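Trainee: predicted model follows, preceded by the sequence.
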Amino acid sequence: MTVTRRRFLTIASAAALVPLAGRAAPAAPVTQWRGVALGAEARLILAHPDADRMVAAALDELARLEAIFSLYRPGSELMRLNQAGALDAPSAEMVELLSLAGLVHRATGGRFDPTIQPLWAAYAQAGAAGRAPTAADRAAALARTGWEGVALAPGRVALDRPGMALTLNGIAQGYVTDRVSARLTGMGMTDLMCAMGEIAATGHAPDGGDWPVTLTNGRAVPLRGRALASSAPRATCFDRAGRLGHIIDPRSGLPSDRPLALVSVSAPSAALADALSTAGCLMTRPELDRAAAAFDGVRVEAFDPLPA
C-alpha cells in the first residue's frame, strides 16, 4: 500500500495544544508525548504539575483500549471475534462502539459498514502482489460482507457467515480519543486537547478561547467541548498509482470514486465524527448532510473536491 497522508488536521501552533489544569495555577513545564494509537499518529501535550501521572494514565487507557479494538494485536477482543466468528462476554466498550456503528450504518444508507474487512484484505493482498483484485476476488469478499450479519447483544457478538470479519478503523480511533480524553478530564484536566487519531477538545485553550484547529484547506475550526475527524478516499492507497483508495464501498466492493480531497466532520464525540467522515467519502454533500442531521450537534466542516 502507498500512504499519501494520515493527518488532515494541523494545530495552529504548539503552544495552542498546551492544556492547562487551571488557568489560575502557575504555569507548569510542558510535557509532550508522541506515539501511535491503533495505527494512527497520536499526541498529548500537557502543562500540568503532575504531567507524568497524566501521561501514564493516558497510555494506560490507550493500552487497555487497544487490547479491545486492535485489528493486529494477538488476543484483542476484535481479533478473537474475527478468528472465532463470535465473542462471548464482550466488553462494555465493544458493545458501545458496535452499537454506534449500527446507528451510523443506518443513517448513511449502509455506507459505513465495519464488515468490509474481507474486502479490505482482498485489496491489500492483491496490492501486495502488484495487481488489483479480480471481479471474482471482490465477489467472494462481498459474500462475507454486510452489517445484517452482525448479531449484537450485551453478552455476545456473533458473525453469521464463515469468513466474516470486522475492521473498526473508521470509528475506533475516534472512540479511543474520546475515552482517553474522558480519563484525563476525570482526573481533573479541565482544559484539554487530545489527539489519538482524531481530535477532542474540552474546556479552553490557554488564551481562554476555543481550541484553534486548522484544516489543510486553511479553514479554522475552533473547538470547545467538541471533536473533529477528517478522511479522504485516497489518504491511503493499495496501488502506487493512487487510484485504489482505502475507503471501500460495502455495497459494490469498489474503492470510493468520489473526487474528494477532504471530508471533515465535527460532533459531540470523536467516534461519531470519525464514522461520519469515513462514510462521507462515499457520499454526495446532500447525502452527508442528511446523515449528519440524524444526530444532534453534528456539522460538516469540509467537503472539498480534488483540485482540478
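Mentor: Looks like it arrived, so ask away.

Trainee: all strands of the stretch 51-200 of the chain, in order?
Mentor: In the stretch 51-200 of the chain, strands defined by DSSP state E, counting those that start in this stretch lie at 86-88, 150-153, 156-159, 192-196, 199-202, listed in chain order.

Trainee: partners of the second one, with directions?
Mentor: Strands flanking strand 150-153 in the sheet, each with its direction: strand 156-159 (antiparallel) (DSSP bridges).

Trainee: and the strand it pairs with, average pLDDT?
Mentor: Across strand 156-159, the average pLDDT comes to 98.

Trainee: go on, stretch 181-199?
Mentor: Throughout stretch 181-199, pLDDT has a mean value of 89.

Trainee: what's the span of that stretch from first residue to last?
Mentor: One end of stretch 181-199 sits 9 Å from the other (CA to CA, to the nearest Å).

Trainee: run the angle between the longest helix seen in the chain and strand 192-196 for me.
Mentor: In the chain, with assignment by DSSP state H, the single longest helix is helix 51-69. Angle of helix 51-69 versus strand 192-196, following axes from the mean of the first three to the mean of the last three CA atoms, to 10 degrees, is 40 degrees.

Trainee: what packs against helix 51-69?
Mentor: Applying 3 or more CB pairs under 8 Å, 6 or more residues apart in numbering; DSSP states H and E, one finds that helix 51-69 contacts strand 30-37, strand 40-47, helix 77-84, helix 92-107, helix 172-186. Bear in mind the C-beta positions are built from the backbone N, C-alpha and C, glycine included.

Trainee: that older thread, of the strands of the stretch 51-200 of the chain, which is nearest Q125?
Mentor: strand 156-159 (20.1 Å; CB to CB).

Trainee: how about G146, phi and psi?
Mentor: phi 140, psi 120 (degrees, to the nearest 10).

Trainee: from memory it sits against D113, does it?
Mentor: Yes - using CB atoms under 8 Å, G146 is in contact with D113, at 7.3 Å.

Trainee: residues shared between the contacts of these two?
Mentor: Listed as contacting both G146 and D113 by CB atoms under 8 Å, 6 or more residues apart in numbering are P250.

Trainee: looking at those two, which is more packed in?
Mentor: The residue with more neighbours, out of G146 and D113, is D113; 27 against 18, by other CB atoms under 10 Å.

Trainee: tell me the pLDDT of that one.
Mentor: 98.

Trainee: A267 versus the residue nearest to D52 when sequence neighbours are not counted, what's the distance?
Mentor: Spatial nearest neighbour of D52, excluding adjacent residues (CB to CB, 6 or more residues apart in numbering): T31 at 6.9 Å. Distance, T31 to A267, by CB to CB, to the nearest Å: 28 Å.

Trainee: of the two, which one has the most company?
Mentor: In this view T31 and A267 are compared by other CB under 10 Å, and A267 has more residues nearby, 26 against 16.

Trainee: ok, the more buried one - contacts?
Mentor: A267 sits next to 226-227, 229, 273, 276, 295, 297-299 when contact means CB under 8 Å, 6+ apart.

Trainee: I'd like the strands of the stretch 51-200 of the chain laid out as CSV, including distance to V36 and mean neighbour count.
Mentor: Converted to CSV, the strands of the stretch 51-200 of the chain look like this (distance: least, CB to CB, whole Å; neighbours: other CB atoms under 10 Å):
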stretch, distance to V36, mean neighbour count
strand 86-88, 25, 15
strand 150-153, 28, 14
strand 156-159, 26, 18
strand 192-196, 10, 27
strand 199-202, 16, 27
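
Trainee: can you redo these as JSON lines with distance to T167?
Mentor: Putting the strands of the stretch 51-200 of the chain into JSON lines (distance: least, CB to CB, whole Å) gives the following:
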{"stretch": "strand 86-88", "distance to T167": "15"}
{"stretch": "strand 150-153", "distance to T167": "13"}
{"stretch": "strand 156-159", "distance to T167": "13"}
{"stretch": "strand 192-196", "distance to T167": "18"}
{"stretch": "strand 199-202", "distance to T167": "22"}
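
Trainee: which one of those lies closest to S252?
Mentor: Here strand 150-153 is closest among the strands of the stretch 51-200 of the chain (CB to CB), at 19.7 Å.
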